[in-house]
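# Based on what follows, work out the 3D shape:
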Amino acid sequence: GLEPNVVTYNTVIDILGKAPGRTDEALRRFEEMTTKGLHPDEVTYNNVINILGKTPGRTDEALRRFEEMTRKGLEPNVVTYSTVMNILGKTPGRTDEALRRFEEMTTKGLEPNVVTYNTVIRALCRAGRLKALDGILERMRRSGISPDRYSFYLVFNQFRHATATDILRFLKIAEECGVT
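Alright, predicted model coming up:
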């Protein structure tokens, strides 16, 4: 018969990881592929990191897999970093760590996309750090990426914590970006 390859395992891990209650089974497939002599690639690690990050109580395990990936010589890509930043941004008290990963990513020459920026915006909003949003929105615009409706949804959702000045400032930015 046909032996599964890395692509086959990536598909199975992804499907199992999306199925409720099957995280451990997805991770067993990850271990199985390595015992069969197959080498996980960036897609494999992105799947595993994402699966662990969505599983309550497994944030640190997801981050260990990120470190393992780099130790094995695989280069994290924008998807990897966005996933790690999302995990950290959702974890109370780890916003600064998410921002450090953003800086690490850009220092390595990886260009953030709108998803990456929205991940950072979400982390800052969750942490109630409205002042820091100005810098990230400006950086986003300078890089040629316009904040989208979702970017401002995230910001506007935080207005219950904002001053009237903050609200007016963000409404002006949204208008300048053509988001109404």
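# hey, let's count contacts and neighbours off CA atoms from now on
Noted.
# which stretches of the protein have low pLDDT?
Within the chain, the stretches falling below the threshold (pLDDT under 70) are 180.
# In it, mark out all the helices, start to finish.
Secondary structure of the chain (DSSP state H): helices located at 6-18, 23-35, 42-54, 59-71, 78-90, 95-107, 114-126, 130-142, 149-156, 164-176.
# Is it possible to get CSV of the ones you listed that adds mean neighbour count?
Shown next, in CSV, are the helices of the chain (neighbours: other C-alpha atoms under 10 Å):
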stretch, mean neighbour count
helix 6-18, 18
helix 23-35, 16
helix 42-54, 22
helix 59-71, 16
helix 78-90, 23
helix 95-107, 17
helix 114-126, 23
helix 130-142, 15
helix 149-156, 18
helix 164-176, 14
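# dump the residue contacts of the closest residue to residue 98 other than its chain neighbours.
Nearest-residue entry for residue 98: residue 85, 4.6 Å, with adjacent residues in sequence omitted and distances by C-alpha to C-alpha, 6 or more residues apart in numbering. With contact set as C-alpha atoms under 8 Å, 6 or more residues apart in numbering, residue 85 has these partners: 97-99, 101-102, 119-120.
# From the residues you listed, pick the one nearest residue 17.
Using C-alpha to C-alpha, residue 119 comes nearest to residue 17 of these, at 20.9 Å.
# Distance check, the closest one against residue 31.
In this structure, residue 119 and residue 31 are separated by 29 Å, where distance is defined by C-alpha to C-alpha, to the nearest Å.
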